[in-house]
Every structure is written in C-alpha cells, then in structure tokens.
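> model this:
(2 chains)
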There are 2 protein chains.
Amino acid sequence: MTTLNLKTGHIDLSHGAGGRAMAQLIEQIFARELHNDYLAQGDDGARLPSAHGKLVMATDAHVVSPLFFPGGDIGCLAVHGTINDVAMMGATPLYLAASFILEEGFPFADLTRIVASMAAASREAGVPVVTGDTKVVERGKADGVFIATTGVGVLRDGVDCSGRNACPGDAVLISGPIGDHGMAIMSVRENLSFDSPIVSDTAALHGLTSALLDAMPEVHVLRDPTRGGVAATLNEITRQSRVGIVLDETAIPVRPAVAAACELLGLDPLNIANEGRLIAICPAHLAGTALAALRAHPLGRDAALIGRVEQDARCFVQMVTRFGGRRMIDWLSGDALPRIC
Amino acid sequence: MTTLNLKTGHIDLSHGAGGRAMAQLIEQIFARELHNDYLAQGDDGARLPSAHGKLVMATDAHVVSPLFFPGGDIGCLAVHGTINDVAMMGATPLYLAASFILEEGFPFADLTRIVASMAAASREAGVPVVTGDTKVVERGKADGVFIATTGVGVLRDGVDCSGRNACPGDAVLISGPIGDHGMAIMSVRENLSFDSPIVSDTAALHGLTSALLDAMPEVHVLRDPTRGGVAATLNEITRQSRVGIVLDETAIPVRPAVAAACELLGLDPLNIANEGRLIAICPAHLAGTALAALRAHPLGRDAALIGRVEQDARCFVQMVTRFGGRRMIDWLSGDALPRIC
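So this is what the prediction gives:
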C-alpha cells in the first residue's frame, strides 16, 4: 500500500469509494491519529464492553466555519460538543462515534490537523472514538469538512437532570463567562482584533458535571448553552418545565472583550454560543453548595448565580437590567449566527 | 408557535440557529414523523434503558445522490445502512441517533418525505430514532441534505463474527443478487431505462442475520457489501484474515437488467454497491445449514454459495471465470462511483 502525501495531497472522490484509496486514508490518517483497541478491530462497527447502568445517547453534526478558530477547531469541538450533550443528561460519557463528510480537494494537511485535534481532545477527556465513517462529495457540494459525532454513556445513579425539572424557587447558575465561543468565531469572520484576543471556551464538561453531581446530586437541570446562547437554552427550559425565569443582568459574567465585540456588532451576549459552559438549575437552598463545587473545578472558577425560577404560565424568560427595569429575553428568530458549531 | 408551510416552504439559516425557528422545525417535521417516548424527552440526548450484553456501536454518513431513487431514498437508506452495520457485528440493533445537515433553500416537502421514509423504515425495523440534531449551512455549501446515523446494539451471546475470522476451507455465501442498489442509482444518473426497472435492494438485514445466527451461531464473518461492492468487501476480509478467496463466477447471482446495465456502462457487478445483501463466511460443512436458513427468510430467498476461502499469504481475491480461467478481483482504486450511499 502506497503512502499518502500528507503535506501537499488532497482528498479526491476515490477516498470515499470504499476501495483501496479509502483504506489508505483510514489507515494513514484516522487510525493512526485516533488509535485505540476498539477502532483497531477494523470492522464496520465497534465491539464494546457491557455498560452498567441506563444508557444515554446524544448526537451532533458540526459545520462550524471557519474550521480553525482561536482556541480550537472543528475536530476538538466535535469531541467536546457531544461529550457535553451526554454529560448534561447527568451521565458519564464512555464512547464516541465520528462520521466525516469531506469535500473533494480538501487538503490532507488540514484533515490531519483536525483529526489530531480530535484525538487529543478525546484522549484528554478519556472518551475514545471507537468507530467512524468517511464519505467524500464533489467539489462545491460541501464546505471542507463536516463531522457528526455520537456519544454513548451511562446515567449516574440517583441523578435526574432534565429540562423538565425546573421548579419555582430554584436557583439558576452559570459555570463561567458567556459568549466566548461565538465571539471568537465572529471576530475571525469579521476580522476584528482586540487588545486581549477572544478565545473559544470549547471544553469537555463531564469532569465539571461529575464534580457538581458528586457534591450535590439534587441538580434539577443541566444544559450547555450552545447555539442560540443562554437565551435560547433558558427559553427551552421554561417551555419544557412550564415555568418562568428571571435573570439578574449585573450577575451575568461577560468578559470585557466579548462585551465590547457584542456592542460593536449589535449583538447580545445572551444570544451568543458557548461550548464550554453549563447552566445548572437547583433548589435555592443548595445554590451555595453548587457554586462552591463548580468554583473548585478549573472549568467553573468563575461560576455565578444569575437568576431564579418563578411560576409563570407564559414561560417567559425576563431580566432585571442594571437600571432596575425588566426586559424580555426572547429567542432569536430570524437573526441567525450561522455555522457557529 | 406558528405553523411551517410544509407544502411550499424552504429551509433557511434560522432553522439551524438554535432558536424559535429550529424548535418549530423539530416539532413540526422531526418529532411529528419520528415520534417515540425517547425522542419525546426533548433534552439534548436520550435516556435509555440498561442494555444487557456487550455493546456494539456503528456510524455512517449518508450523502447519496440523487436523494430519491427507485426503491428508496436517503431517509430509509440512512436507517438501513446503520442497522446493517450493527447487525453484521452479530449484534441486535436497539437504537439510532440521526444528525441532519441541511442546505439553505431545501424544500420542507422533500425533507418531510425523507423524514417520513426514515420513520417508516425505523418502525418496520423496530429500531427507534431516539435522538437527533439539525444543522443548516448556506446555499451551495452542501447538497440538499446529508444524514449521519449511529446505531447502538448488543452482541448476541455465543457469536463471534469479524472480518478477521475467515479460515481456509470456509464457504463464502451471498444472500441475493448483487449490484441492485448501485445500478438503481446509476440508472437514474445516466437516464437509462430497462424493460424491468432496476430497484435498490435497500433493506434492514437484522432479521436475516438473526435467522442465520439462530440456525447457526458458528458464522465466522458477516459483512454487507456496500460501497466498493463485493470486490472491496472481500478484499478487506482477506487482508484482515490473512487468507485468499476464490469465487465461482457462474454461482454469483446478478439480475439480467443489472448485468445489462453494467455491460453498457463498462462496470463489473462485483464493484457495485448493495444495501440489502450480506456476505456470510462459515465452516464449509455448515454451508448447507446456512444456505437453508438464509433462503427461508424473505430477504435471503436467492442466497447462493459463491466461493471458498483458501490459504494465501498474498491475500488475493480471485475468480474462476465461466470459461474456466482465473482472474484477480481487485478493489477499485481511482475509478469511483461517487455518492452511492
């Protein structure tokens, strides 16, 4: 079997055709970077151990543009995003599967960099990519590379986290400053530069959820505010739980550079995607315990109590502004920030 | 929440932005068609029962073009393809996850038809789509719709199927005529018509593998010859098992229309994709039992014994032709049939 020219070569349609060229691509890029015993079985799927506990399954397609951004790239994002979806169910992520859709002409060098980033994220998280698939489409029928990842995990005993569990009186917590991921992407797209550059918060949050649930299994809701930001996530939760939420603007952590970029672009940080933050909703009397547990973890150092759950049949999310007024926090409807993840 | 115009409306970027429009799309197309208790949980993943046995996980991106073809569409194909990858491990498929990448401007009517076909295939197979994700990319950055599906299942007790288990002396069986799926796609692309139209064989094969393994758990290899066809699949197996395979051309079932279309296009049926066929390799003295079990199932009526495994350090796949000669059956390398699945 010949060797791919990983420095200057490109994907062509034969790399998706199920023949010799595809086998080369898999061996010389995917298997080499992502190596583990499950992937090495080399069949069309992976044989895994028995899982002890109730299963959890989550999936996410990743289409972020640009593919490389300050603080990460589509490879580590595809690992973090799906691990986080599993973790937010109150589960321990165990395995990932990854499907790649590649555009003809995509450079091997970029693909190798992305797969290496994926492998590093997967090793750091302790969640292996156990099986995968690669398809190639003609030039102009995709945009470089799209990656769909699926995660499987097991529910922690004694935990019942769901968007349907928010109760009036509960405290609403965020694990750190908001809007970093979305504004890191936007600053590249809009060619903005700041004194301190904005870096994506992309990170695997299962260590943080585990620390929180160890300290306090009574968490009602865990959710990562990705696309649509905190505003969309809280509106989803109020609809699912049939409650209202009132935020305190002065309590919501936003980095100065993110606030400045949002101001410049006419955006609200509450609508901006995060990839390494979580929202936790818990009984008010346990908010202190929850905050302490979050702040004791490196990914939750800047955690804050940002609001409370109220009775509200209209399921509104509102915010008490820094001037003492109340304003509605609606979902974005038409005003999309496309391809943020 | 307003109602989508499912007859004449189109996907726009807001349908992937995590806000109100995306929630509408999910409720009015995905949740409505694919409805089940797991999907109805409405969180970012699905909570599932405990699984008894070793887990199996497989994933596949689907990029077939055209999206609709004789005998199926990308929706049912995405269900069948991943169920089959799980089934070929000797496992019982339990759950599917589905990630959609949609192109701006894609008609709701086509999406609804595809999701309905997916739902029908999933119901018929008894394998629910328990969680999903939707992303939208700008016009010209994808090709209508791509669907990545991931399947989770449990290994059957006492079964050890792998591409590494083929042994010299084993019999090679195929469950039916080859090349139907690929030639159904090609006949649409090339605008060919035949007296009897060529229809894709796309089907979920877990019922057939279950019937086979019930009758005969000693199967060494199960594999579905999709992309690259029987030729690529057998070459993968000979490399994994370090053996050779010799086929008997006269024994390989090919429909007359498929043979004629291949002749016309200068293609070999052995290189053409199948989506509802399996190759089983088993000890020669059990070939009769295996054939009988396959033929007793509606999807294996035309099963045939097509070759045998030999000792061969070169890992060649060869065929004894109808004229008594031997020829090499190589993988396709450059000569791809792109986007066949």
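
> so who does A:I101 touch?
A:135-137, A:142, A:145-148, B:61, B:63, B:101, B:146, B:148 (CB atoms under 8 Å, 6 or more residues apart in numbering or on different chains). In short, each C-beta sits where N, CA and C put it, glycine included.

> if you set the cut-off to 6 Å instead, what comes out?
A:135, A:142, A:146, B:61, B:146 (CB atoms under 6 Å, 6 or more residues apart in numbering or on different chains).

> check the gap between it and B:E190 for me.
Look at A:I101 and B:E190: by CB to CB, to the nearest Å, they are 24 Å apart.

> can you check A:M319 too?
In terms of CB to CB, A:M319 sits 59 Å off from B:E190.

> and these two? Which one has more around it.
Between A:M319 and B:E190, counted using other CB atoms under 10 Å in any protein chain shown, the more crowded position is A:M319 (22 against 12).

> got the domain ranges for chain A?
Chain A breaks down into these domains under automatic domain parsing: A:13-155, A:171-328.

> helices of chain A, start to end?
For chain A, applying DSSP state H gives helices covering A:20-25, A:32-34, A:74-87, A:108-125, A:180-189, A:206-215, A:229-241, A:256-265, A:287-295.

> just want the residue of the stretch 51-200 of chain A that's nearest chain B.
Residue nearest to chain B within the stretch 51-200 of chain A (CB to the nearest CB): A:A58, separated by 3.0 Å.

> how many other residues sit next to the nearest residue in space to that residue that is not next to it in sequence?
Excluding the flanking residues, the one nearest A:A58 by CB to CB, 6 or more residues apart in numbering or on different chains is B:G45, at 3.0 Å. B:G45 sits with 30 neighbouring residues when counted by other CB under 10 Å.

> for A:G53, see how far away the closest residue to A:L96 other than its chain neighbours is.
Closest residue to A:L96 apart from its sequence neighbours, by CB to CB, 6+ apart: A:V129 at 4.7 Å. Relative to A:G53, A:V129 is positioned 22 Å away (CB to CB).

> go on, A:G228?
Counting by CB to CB - A:G228 and A:G53 are separated by 31 Å.

> which of these two has more residues huddled nearby?
Set A:G228 next to A:G53 and count neighbours by other CB under 10 Å: A:G228 wins out with 27 against 15.

> for the more buried one, give me phi and psi.
phi 80, psi -10 (degrees, to the nearest 10).

> excluding chain neighbours, what is closest to it?
B:G18 (2.9 Å).

> wait, isn't the one you found in contact with A:R227?
Yes: judged on CB atoms under 6 Å, B:G18 makes contact with A:R227 at a distance of 2.9 Å.

> returning to what we had before: now the residue nearest to A:A58: phi and psi?
According to degrees, to the nearest 10, B:G45 has phi -160, psi -180.

> among the domains of chain A, which is nearest B:C76?
domain A:13-155 (17.5 Å; CB to CB).

> chain center to the closest one, what's the gap?
14 Å (CA atoms, centre = their mean, to the nearest Å).

> can I get the domains of chain A in TSV including mean pLDDT and distance to B:S162?
What follows is these, written out as TSV (pLDDT from 0 to 100; distance: least, CB to CB, whole Å):
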stretch	mean pLDDT	distance to B:S162
domain A:13-155	96	6
domain A:171-328	96	31
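
> hmm, back to that, check contacts around the residue nearest to A:L96.
Counted by CB under 6 Å, 6+ apart, A:V129 has contacts A:34, A:96, A:98, A:122.

> just the buried residues from those residues, in PyMOL please.
The PyMOL selection below is limited to those of the contacts of A:V129 classed as buried (16 or more other CB atoms under 10 Å in any protein chain shown):
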select buried, chain A and resi 34+96+98+122
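
> can you verify my assumption that A:P217 contacts A:C161?
No: judged on CB under 6 Å, A:P217 makes no contact with A:C161 at a distance of 9.4 Å.
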